[in-house]
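A.B. asks: starting from these lines, generate the structure:
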Amino acid sequence: MGTLPRRKQNDEALGFGTEAYVRRLRLLREMVSGENQKDFARRVGVSTARWNNYEQGYPMGRAMALQLMDRIPGMSIEWLWFGKTGNLSDHFRTQLMNLERFEAARRHQHLLYQS
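C.D. replies: Predicted coordinates:
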């Protein structure tokens, strides 16, 4: 097994995991506008191509993260970047938990059909 690129190693040492970050971006999009990147990007004021880059793991700057916080009530940068839920609103946290349960059930059902 090869080593991680230096940047990724540093990010993970700081508690930032790219895969988990990308998953949170997708969860955020699904909570706000379902499956559609184009509608979500329009809603938060960014191009579809840029949002797609974020979901591919490209870093999001502070200005964009603050813009998301401004346009999506209850979200926090700490959750977006590090998965910390302490600063989420109760409503956002509840929506997130419901979506995560739904995804887990969907994965479980998919596994059952594969066996």
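A.B. asks: touching, R93 and T85? I think so.
C.D. replies: Yes - counting by C-beta atoms under 8 Å, R93 touches T85, with 5.9 Å between them. C-beta: built from backbone N, CA, C; applies to glycine.
A.B. asks: what is the longest helix seen in the chain packed up against?
C.D. replies: Identified as the longest helix of the chain according to DSSP state H is helix 90-114. Contacts defined by 3 or more C-beta pairs under 8 Å, 6 or more residues apart in numbering; DSSP states H and E place helix 90-114 against helix 18-33.
A.B. asks: got the angle for the helix it packs on vs helix 90-114?
C.D. replies: Angle, helix 18-33 to helix 90-114, by axes from the mean of the first three to the mean of the last three C-alpha atoms, to 10 degrees: 110 degrees.
A.B. asks: mind listing residues that contact helix 18-33?
C.D. replies: 8, 11, 35-37, 39-40, 43-44, 51, 54-57, 68, 72, 75, 79-81, 83, 92, 95-96, 99-100, 103 (C-beta atoms under 8 Å, 6 or more residues apart in numbering).
A.B. asks: are any of the residues you listed buried, and which?
C.D. replies: With burial judged by 16 or more other C-beta atoms under 10 Å, the buried subset of the contacts of helix 18-33 is 11, 37, 40, 44, 51, 54-55, 68, 72, 75, 79-81, 92, 95-96.
A.B. asks: re earlier: looking at R93 and T85, which is more packed in?
C.D. replies: R93 (16 against 13; other C-beta atoms under 10 Å).
A.B. asks: and the pLDDT at that one?
C.D. replies: The per-residue pLDDT reported for R93 equals 95.
A.B. asks: tell me the contacts of it?
C.D. replies: Per C-beta under 8 Å, 6+ apart, neighbours of R93: 74, 85.
A.B. asks: one more time with 10 Å, if that's ok
C.D. replies: By C-beta atoms under 10 Å, 6 or more residues apart in numbering, R93 lies in contact with 74, 76, 79, 85-87.
A.B. asks: same question, N52
C.D. replies: So N52 contacts 37-38, 41, 46, 58 (C-beta under 10 Å, 6+ apart).
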